[in-house]
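J.: Build me a model from this:
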Amino acid sequence: MPAFSGQFSWEDGLIWQVGFVASEKELPQTDRIHLCPALVDTEASHTCISQSVAMELRLEPTGKIDMQTARGAEEVNIYDVMPAIVIAELPDLGGSTKGTIQVFRPIRSPEFDPADKNYKALIGRDILGQGVLTISFDGHYTFAF
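T.: Model prediction:
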């Protein structure tokens, strides 16, 4: 069972570098994955991407969905994407870091507005439910899937 762990700040929240692949037809190669900071949001039922991520991946909306946001109910675009997590290994003596890419099943990702936050995506329960997320009061986390 793959897993990764690290530290986070309770003030900033748990933020991962997550990749998104435009469609399942694209090979999950590092140069085809758009990496961005993503807030892990255990309250979100869906993994969401910002409009800027959709534009960088050249995605076209596949429909619209009613979504409950902090501002109330809104109709938003949805996109078909495959989330990917890069599981890095420790750097070697030359400073290079290698790792594996875990690409999750395709999902329908609603668009959200991160405003001026330092993340461009939300990781919701559709991804978190595929594994076990453990967080501790001292700011450590582990996600095994």
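
J.: For Leu128, give its distance to Thr47.
T.: Plainly put, Leu128 is 9 Å away from Thr47 if you go by C-beta to C-beta, to the nearest Å. (Each C-beta comes from the backbone N, C-alpha and C, glycine too.)

J.: which residue lies farthest from the center of this protein?
T.: Leu93 (29.7 Å; C-alpha atoms, centre = their mean).

J.: can I assume that one sits in a helix?
T.: No. Per DSSP: H, G, I helix; E, B strand; the rest coil, Leu93 lies outside any helix segment and is coil.

J.: that older thread, Leu128 and Thr47: which has the busier surroundings?
T.: A count of neighbours by other C-beta atoms under 10 Å puts Thr47 above the other of Leu128 and Thr47, at 26 against 17.

J.: how close does the more buried one get to Ala84?
T.: 11 Å.

J.: Could you do Asp116 as well?
T.: According to C-beta to C-beta, Asp116 and Ala84 sit 26 Å apart.

J.: go on, Lys117?
T.: Distance of Lys117 to Ala84, given as C-beta to C-beta: 21 Å.

J.: Helix or strand with the lowest mean pLDDT in the protein?
T.: strand 99-103 (a mean of 81; mean pLDDT, DSSP states H and E).

J.: Which elements pack onto the helix ranked longest in the chain?
T.: In the chain, taking DSSP state H as the definition, the longest helix is helix 51-56. In terms of contacts (3 or more C-beta pairs under 8 Å, 6 or more residues apart in numbering; DSSP states H and E), helix 51-56 is packed against strand 34-40, strand 72-88.

J.: switch to 10 Å and redo it
T.: Applying 3 or more C-beta pairs under 10 Å, 6 or more residues apart in numbering; DSSP states H and E, one finds that helix 51-56 contacts strand 15-21, strand 34-40, strand 72-88, strand 107-112.

J.: Thr100: which of the ones you listed is closest?
T.: Across the helices and strands packed on helix 51-56, Thr100 has its closest neighbour in strand 72-88 (5.2 Å, C-beta to C-beta).

J.: picking up where we left off before, what do Leu128 and Thr47 both touch?
T.: Listed as contacting both Leu128 and Thr47 by C-beta atoms under 10 Å, 6 or more residues apart in numbering are Val40, Asp41.

J.: that older thread, let's have the helices and strands packed on helix 51-56 in TSV, adding mean pLDDT.
T.: Listed next are those as TSV, based on pLDDT from 0 to 100:
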stretch	mean pLDDT
strand 15-21	92
strand 34-40	93
strand 72-88	90
strand 107-112	96
